[in-house]
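*Asks:* sequence first, then the predicted structure:
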Amino acid sequence: MPAQIRQLTIANQSTQTIIQSTALKPLFLRTNAELKDAWVSSQSRWFDVRWVLDGDVPGQSKGSRSIKWDIEIADGEYLTAPDHAEMLDWLRRIVWSCFTSPARGHLAAPGSASQISSGTKTLVRWMMETKRRTPVELTREASWEFVEELRDLLDAGDDSDLSRSQVSPSVRFFQRVWEQAPVIKIERASTMPFDGQSVEQAVSRVTSREIGEIPPLQDEVAIPVLNQATFFVQYAANDICELLHAFQTATPPNGGVSRYPQMLARQKAARAFEFTILPGASKPWHPRLFEPGEIGNTVRALVDSLKAACVIVIQATTGMRISEICGMPFGVDRESGLPNCIENRQINEGLFELYMLRSKLSKTEDTPRAVEWVIGLRPMHSKELPLAVQALVILNRVAELSGVTAQKPSNPSVLAGFAFGRGFARSDNGIRNPSSNTIRQHMKRFVEEWVDLSNLPDQSRYAIEPNDLVKWRESKGRIIKSHQFRKTFAQFAASIDARLVEAIQDQFKHVSLAMTMQGYLNTAQLAAIGKGQYIRARQSIFAHMRRDAPLAGRMGEQIEQHIPADFKAEMQRLPPAEAWKRVVAWVDERDFKLFFAPHGKCNPLNPTSMRCHEVAGTTDWLPQPPNYQTRTPALCAGCKCFVVDEQHQDFWIQSYVEDTKAIRCAETPDGYRAVVAFVNTARGLLSKLNVDVDGLDQRIDTELAQLESKEMGNA
């Protein structure tokens, strides 16, 4: 039989016939050379990027019998790339063995191919994200880590429950890899995934867990992450944008457009670029670029880091979902310099400008629709844009420098960029809108590469489980979830003023207030139902009992005196999680609340003595929140309801230092009597918090001496 006719005959065989005809030597045990012309169905070969299997079930769609191998791992990076050939090879063999030689249970039916494909995609993305490449790395510990990450991997956020049908394919395929590894004769992990539990039991860990289990970020993690993201937005952005502009516009001396001369011109422009030396620094914040073969990738990595920093800033200061941030349209109004999706409005009789952002809401919607979010506020005539607005301006600038226009790609997002994982696109076809998964990967990479978490302690200040920061230190922050910024934003807003709960509901576009309360103001980390003022009370009392963290202020001293010594000693002996539960019960039983402000907390146990209400004329014998219109640090400091703990230490240090310098520099100190009184109050509070005030005085002496020396030099 001629080879051409023979090949056609094989190609016309069904999947079932192929399985039967290759039973003596299954395809998954053949070499790649033997698989070169192998078919898996009447229309798909082994090395095709998509398998469409044959089935005879009436009404079964072609899609349900399909397996896609061109899985997108990151922005423009696919499993079918040469770098991932080894992983793709064992995955194909595992999947085919499910249809021909299952280690347990029945043969997988062609109609289940799409479910297997879905599970494969989720597992591949997770393995790439966690830097795993082989079945031997899919251990028992890894299986539970995978389950905990599923909500984020499936882009479910944490304000909607996942169905079993959404979760099962991913968990089942993880289990299948472990079961089928010996069948295809490759090594697997020595421990069973999911502790030997069934797939159904493991799925229940995801689908039956409480909504809102993803916790907010611990302060020890959130602060360095947000500080570094803010640094990129406010300082590094200008350098990176100028570098990108120089790189993109560089042309060969002869004006040619061929690839190699243009690449050399771009490398030369990048090597010539000098990064800025920031105030107080002795060298640029980033070294010069020298490696010829890596310069393009380094420039691209800096651009991706800047975009990730902007997304972190926007999400942490607005609480928007990643999908909503991806929906922000590209474009800037040339007259105002603001992005087209931003509108500023005057409020409070022209005292402030409110910035509103328009993007698309897809969560809970059949069809995405345009809605508004509050993105910032500033006093009228201020020249400082709100931080999130700055980030959005930068994203538009980066998109424009990257070649994005109003038409390319179609309906461009402000996050539109390069379609490839490395380097730069050489044509308009290489620029496209991003996926949510791609943006999350950039955010994780930003934390890993730019945020130093190596000096984290083993345990956070308000830990309710032992060594809760070790995993952050060891993973270099890659375990971060984008939704944690949303949680952190909600908790901070509610802690400042519990009346903001409905505003948070509106900002988060929740269908009900119950969703906001359950999913965002009560997390597993905080362990009980309650509003922001209860949260702060629990944290403050917990820190005081566990670590003898001092409490200052008139109410702080009363609290210290009224906590039974034996109860406090018991809390120090118990494991953190058990101690936390006991403290929560103790605080809630007494209806103990603390209303947060940067300078301190208010515990309105003596409502008739609340100085903010006395000044406003709103005193009542019933407990009530502070009067936010009259509440000031100086007024609160002498109030019987005032509590200061270590969370407010930085505020009082800064106040003490700045006001002391102002008094000592004043020509007529007599006019500063109120300030002197405030400085004395600050000194007393800081001393109670065990701050070295004498050290602060030495710092003030040094700074004033430096200022005087500088002024004499200028004279």
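*Replies:* Happy to help now that I have it. Worth saying up front: this structure is predicted, and the values here are computed from it rather than measured.
*Asks:* next up, the contacts around the residue nearest the centre of the chain.
*Replies:* Central residue of the chain (Cα atoms, centre = their mean): residue 482, 2.6 Å from the mean position. The contact partners of residue 482, taken as Cβ atoms under 8 Å, 6 or more residues apart in numbering, are 152, 311, 315, 322, 439, 440, 443. Placement of C-beta: from N, CA and C, glycine included.
*Asks:* try residue 177
*Replies:* By Cβ under 8 Å, 6+ apart, residue 177 lies in contact with 94, 123, 135, 138, 188.
*Asks:* low-confidence regions, the stretch 401-550 of the chain specifically.
*Replies:* Low-confidence segments of the stretch 401-550 of the chain, defined by pLDDT under 70, span residues 419-423, 425-429, 464, 494-536.
*Asks:* same thing but at 90, please
*Replies:* Applying pLDDT under 90 to the stretch 401-550 of the chain flags the ranges 402-442, 458-468, 478-479, 481-550.
*Asks:* you'd agree residue 579 is up against residue 571?
*Replies:* Yes: in terms of Cβ atoms under 8 Å, residue 579 counts as a neighbour of residue 571; the distance is 4.6 Å.
*Asks:* joint contacts of the two?
*Replies:* Counting by Cβ under 8 Å, 6+ apart, the shared contacts of residue 579 and residue 571 are 542, 545, 546.
*Asks:* on that earlier part again, ok, of the contacts of residue 177, which one's closest to residue 473?
*Replies:* Closest approach to residue 473 among the contacts of residue 177 (Cβ to Cβ): residue 138, at 23.9 Å.
*Asks:* dump the contacts of residue 482 into a markdown table; add neighbour count and distance to residue 357 as well.
*Replies:* Converted to a markdown table, the contacts of residue 482 look like this (neighbours: other Cβ atoms under 10 Å; distance: Cβ to Cβ, whole Å):
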| residue | neighbour count | distance to residue 357 |
| --- | --- | --- |
| 152 | 22 | 24 |
| 311 | 28 | 13 |
| 315 | 26 | 12 |
| 322 | 25 | 15 |
| 439 | 24 | 17 |
| 440 | 23 | 20 |
| 443 | 26 | 19 |
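*Asks:* the residues you listed: which two are farthest apart?
*Replies:* 152 and 311 (14.9 Å).
*Asks:* ranges for the strands of the stretch 1-150 of the chain?
*Replies:* In the stretch 1-150 of the chain, strands defined by DSSP state E, counting those that start in this stretch lie at 50-52, 66-68, 72-74, 77-78, listed in chain order.
*Asks:* which elements pack onto the second one?
*Replies:* In this structure, strand 66-68 makes packing contacts with strand 50-52, helix 113-129, judged by 3 or more Cβ pairs under 8 Å, 6 or more residues apart in numbering; DSSP states H and E.
*Asks:* touching that strand from outside, list them.
*Replies:* By Cβ under 8 Å, 6+ apart, the surrounding residues in contact with strand 66-68 are 49, 50, 51, 52, 53, 95, 113, 114, 116, 117, 120, 121.
*Asks:* and for the last one, nearest residue in space, chain neighbours not counted?
*Replies:* The shortest distance from residue 121 to any residue that is not its chain neighbour, by Cβ to Cβ, 6 or more residues apart in numbering, is 4.9 Å, and that residue is residue 71.
*Asks:* look up phi and psi at the one you found.
*Replies:* Backbone geometry at residue 71, expressed as degrees, to the nearest 10, gives phi -70, psi 130.
*Asks:* cool, residue 343 as well?
*Replies:* Listed backbone geometry of residue 343 is phi -130, psi 130, with angles given as degrees, to the nearest 10.
*Asks:* I'd like to know how many residues surround it.
*Replies:* Using other Cβ atoms under 10 Å, residue 343 is surrounded by 16 other residues.
*Asks:* return the residues in contact with it.
*Replies:* By Cβ under 8 Å, 6+ apart, the contact list for residue 343 reads 355, 356, 358.
*Asks:* swap in residue 353?
*Replies:* Contacts of residue 353 (Cβ under 8 Å, 6+ apart): 344, 345, 346, 347, 377, 378, 379, 380, 382.
*Asks:* quick check: phi and psi at it.
*Replies:* According to degrees, to the nearest 10, the main-chain angles of residue 353 amount to phi -110, psi 130.
*Asks:* for residue 374, same thing?
*Replies:* phi -70, psi 130.
*Asks:* that one - how many residues pack around it?
*Replies:* Residue 374 has 17 neighbouring residues, counting by other Cβ under 10 Å.
*Asks:* same question for the one 4 residues further on.
*Replies:* Residue 378 is flanked by 16 other residues according to other Cβ under 10 Å.
*Asks:* the strands in the stretch 551-700 of the chain, which residues?
*Replies:* The residue ranges that make up the strands of the stretch 551-700 of the chain, judged by DSSP E, counting those that start in this stretch, are 595-597, 600-602, 642-643.
*Asks:* hmm, back to that, neighbour-wise, which of the contacts of residue 353 leads?
*Replies:* If you count neighbours using other Cβ under 10 Å, the busiest of those is residue 344, which has 19 neighbours.
*Asks:* mind checking what secondary structure it has?
*Replies:* Look at residue 344: counting by DSSP: H, G, I helix; E, B strand; the rest coil, its state is strand.
*Asks:* wait, doesn't it sit right on residue 354?
*Replies:* Yes: with contacts counted by Cβ under 8 Å, residue 344 reaches residue 354, the gap being 6.7 Å.
*Asks:* neighbour-wise, which one of the shared contacts of residue 579 and residue 571 leads?
*Replies:* Neighbour counts for the shared contacts of residue 579 and residue 571 peak at residue 542, which has 24 neighbours (criterion: other Cβ under 10 Å).
*Asks:* would you check that that one makes contact with residue 579?
*Replies:* Yes: with contact defined as Cβ under 8 Å, residue 542 reaches residue 579; the gap is 7.3 Å.
*Asks:* need the residues touching each of these two.
*Replies:* With contacts defined as Cβ under 8 Å, 6+ apart, the residues shared by residue 542 and residue 579 are residue 571.
*Asks:* make CSV out of the helices and strands packed on strand 66-68 and add distance to residue 199 and mean neighbour count.
*Replies:* CSV is the format used below for these (distance: least, Cβ to Cβ, whole Å; neighbours: other Cβ atoms under 10 Å):
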stretch, distance to residue 199, mean neighbour count
strand 50-52, 23, 19
helix 113-129, 10, 21
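*Asks:* mind putting the ones you listed into a markdown table with mean pLDDT?
*Replies:* Listed next are those as a markdown table, based on pLDDT from 0 to 100:
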| stretch | mean pLDDT |
| --- | --- |
| strand 50-52 | 93 |
| helix 113-129 | 91 |
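*Asks:* related to what we said a few turns ago, save the strands of the stretch 551-700 of the chain as JSON lines, and put in mean neighbour count, mean pLDDT and distance to residue 283 too.
*Replies:* Formatted as JSON lines, the strands of the stretch 551-700 of the chain follow (neighbours: other Cβ atoms under 10 Å; pLDDT from 0 to 100; distance: least, Cβ to Cβ, whole Å):
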{"stretch": "strand 595-597", "mean neighbour count": "22", "mean pLDDT": "77", "distance to residue 283": "39"}
{"stretch": "strand 600-602", "mean neighbour count": "26", "mean pLDDT": "87", "distance to residue 283": "40"}
{"stretch": "strand 642-643", "mean neighbour count": "25", "mean pLDDT": "92", "distance to residue 283": "44"}
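*Asks:* dump these to TSV, plus distance to residue 684.
*Replies:* As requested, the strands of the stretch 551-700 of the chain are exported to TSV (distance: least, Cβ to Cβ, whole Å):
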stretch	distance to residue 684
strand 595-597	19
strand 600-602	13
strand 642-643	12
